[in-house]
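>>> Got a predicted model here, sequence first, then my questions.
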Amino acid sequence: MPIKTTIDKIPQFVDQEVTLSGWLYNKRESKKLKFLEIRDGMGIIQAIVGINDVDDNTWEQAGSLTQESSLHISGRISKHPKKDEYELQVMPGGIDIVQISVDYPITPKEHGSGFLFQNRHLWLRSKRPWALMRIRSEVIHAIRTFFYEDGYITFDAPIFTPNACEGTTDLFEVPYFDSVAYLSQSGQLYGETGAMSHRKIVVFGPSFRAEKSKTRRHLTEFWHIEPEIAWFNINDNMELMERLTMFVIEWVLRKCRPELELLERDIKFLENIKTPFIRLHYDDAVNQLNELKPDRIKELKKELKAATDETLQAELKREIEELGTDFKWGGDFGAPDEGILTRQYDRPIFVHRFPRGIKAFYMAPDPEDERVSLSIDMLAPEGYGEIIGGGQRAEDYDYLVAQIKKHNLPMEAYQWYLDLRKYGTNPHGGFGLGVERTVAWLAGVHSIRECIPYPRTIDRVYP
RNA sequence: UCCUCGCUAGCUCAAUGGUAGAGCAACCGGCUGUUAACCGGUUGGUUCCUGGUUCAAAUCCGGGGCGGGGAGCCA
């Protein structure tokens, strides 16, 4: 009787007979041999059906299999004659078909991304999404492990909220009995209440933003890791971001080698990342940016000369024009600016102490320089840009009240939040890390839409 | 909200305003170890919808729909 098992455990069954349950991934056949690629969720193995090794019925059944047909398959495990892999030699009666799949839409050939996302429920079975979902799972597991081992409490924030965290324009409004509620765009304010109770907490959940963005870096629903810590300053904060990032990088390099290989991720870049990460004051970032701009423009002009594609030319022209003027103090960095800054380093960079005007109302002002706030962005290298945003929170009651007024936010909705400053206020802070952006960077994929099972964007809520 | 590109067979794409095609998939056949297998054949069309220009529209123009890429904003 063959042993029931799964493909990940195959190496321990060499020269033994096993039964696998799975799906046909691909098939190649000749007159006397059929090669069946079997996928069982844990991996893929090639099964061999030889016309002289099986009965007629098994031979016919093997021939009738179509892509994604479900089956049980039994045979002897052996080493691949050419490759460092194992394969399954199908035995007589070794094929038990559960269902023949007809017209599976996703073929092993090329498809456009629109088509693939329309068929996301099936595309998830293909190698690339399979690898990415496993990396995502490990990234989440690594983050939770990091915080757990560091003494943090998991503190879940509500998803229905009565108020805006950072403004109302990009909130999803939903009916709530006789009233309305909003889908949370951040758990941070609730996280702060948890920090006052447990000192170190981490909120993990989905965040919703009705931003009408259509880029590879935006989703309307994304997963958000938001630690919040009492008695915690901006330097503690950067140190925490750094430790977390290193922990996750090392975890993924340790656990996801096959997946990274499948995605053809050049892992040298990740392996070479060392602490300390670069720490750049906003002022210095602005100066550096203005110094580097002329060189970048030269580069782009060269690219423009070489470019033949018209859309690429137009894009390059626009980017050159945008870079043409000096970056003025007080502005926020755009994607091209972040690109210039990160390109010169081999590790993530922190930009800290942004002007108060471009950061959220709750950011603490810098006591040594009132123009700026104690805010931090962490920019990933290789052009991935911002993956963490955070900072120290304003602890002074009167300052916060003034900020809420200045930002035209409804005071009554923030009474509970203001209570934190009335009763035992203290320097505290935290940050928000985008899970999908982190996965995209570590896995080296272009779009964060591939980094979540079902991406939600401005014009896709199906499937 | 703005800019930009696109929509033709199941998929990826061709087609000077003049008979709508290829590759892949599917189906049939061939091939002794293939691995996005290969070779031969067959089937497959409301050219996104709508209105217009024209002797004639996949192609040009207007309106709409859907999708890709980007800006701003952000995780």
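Looks like it arrived, so ask away. Since the structure is predicted, the reported quantities are computational estimates derived from the model, not experimental observations.

>>> Now do the same for A:Cys314: its pLDDT.
That one is not Cys; residue A:314 is Ala. pLDDT for A:Ala314: 69.

>>> contacting residues for A:Ser375?
A:His352, A:Arg353, A:Phe354, A:Lys359, A:Met363, A:Gly389, A:Gly390, A:Gly391, A:Gln392 (Cβ atoms under 8 Å, 6 or more residues apart in numbering). C-beta: built from backbone N, CA, C; applies to glycine.

>>> same thing but 6 Å
A:Phe354, A:Lys359, A:Met363, A:Gly391 (Cβ atoms under 6 Å, 6 or more residues apart in numbering).

>>> pretty sure the second one is touching A:Ser373, no?
Yes. Taking Cβ atoms under 6 Å as the contact criterion, A:Lys359 and A:Ser373 are neighbours in contact, 4.9 Å apart.

>>> out of the two, which sits in the more crowded spot?
A:Ser373 (26 against 21; other Cβ atoms under 10 Å).

>>> Touching, the more buried one and A:Phe361? I think so.
No. With contact defined as Cβ under 6 Å, A:Ser373 and A:Phe361 do not form a contacting pair (10.0 Å).

>>> Endpoint to endpoint, stretch A:41-54 covers what distance?
Length of stretch A:41-54, first residue to last, Cα to Cα, to the nearest Å: 26 Å.

>>> repeat for stretch A:453-463
For stretch A:453-463, the end-to-end distance is 10 Å (Cα to Cα).

>>> list the buried ones in that stretch?
A:Pro455, A:Arg460 (16 or more other Cβ atoms under 10 Å).

>>> give me phi/psi at A:Gly391?
The phi/psi pair for A:Gly391 (degrees, to the nearest 10) reads phi 160, psi -170.

>>> ok, it - contacts?
A:Met363, A:Leu374, A:Ser375, A:Ile376, A:Gly429 are the contacts of A:Gly391 under Cβ under 6 Å, 6+ apart.

>>> switch the cut-off to 8 Å
Applying Cβ under 8 Å, 6+ apart, we find A:Gly391 in contact with A:Ile234, A:Asn237, A:Lys359, A:Met363, A:Ala364, A:Ser373, A:Leu374, A:Ser375, A:Ile376, A:Gly429, A:Phe431.

>>> just A:Lys212 next, same as before
A:Ile458.

>>> how near is it to RNA strand B?
Separation of A:Lys212 from RNA strand B (Cβ to the nearest atom of the strand, to the nearest Å): 4 Å.

>>> Ok, A:Glu87 next?
From A:Glu87 to RNA strand B the distance is 5 Å (Cβ to the nearest atom of the strand).

>>> ok, what's across the strand from that residue?
Here A:Glu87 sits in beta bridges with A:Gln46, A:Ser78, going by DSSP bridges.

>>> Kindly state the pLDDT recorded for it?
94.

>>> Isn't it up against A:His80?
Yes. Using Cβ atoms under 8 Å, A:Glu87 makes contact with A:His80 at a distance of 5.2 Å.

>>> what touches both of those two?
Shared contacts of A:Glu87 and A:His80 (Cβ under 8 Å, 6+ apart): A:Gln46.

>>> Then A:Glu239 would be within a strand, right?
No. Using DSSP: H, G, I helix; E, B strand; the rest coil, the assignment for A:Glu239 is helix, not a strand.

>>> Spatially nearest residue to the residue in the stretch 251-400 of chain A positioned nearest to RNA strand B (excluding sequence neighbours)?
Residue nearest to RNA strand B within the stretch 251-400 of chain A (Cβ to the nearest atom of the strand): A:Gly334, separated by 2.2 Å. For A:Gly334, ignoring the flanking residues on the chain, the nearest one in space by Cβ to Cβ, 6 or more residues apart in numbering is A:Glu322 at 7.3 Å.

>>> Tell me how many other residues surround A:Lys214.
Neighbours around A:Lys214, by other Cβ under 10 Å: 9.

>>> Can you pull out the low-pLDDT segments for chain A?
A:163-169, A:307-314 (pLDDT under 70).
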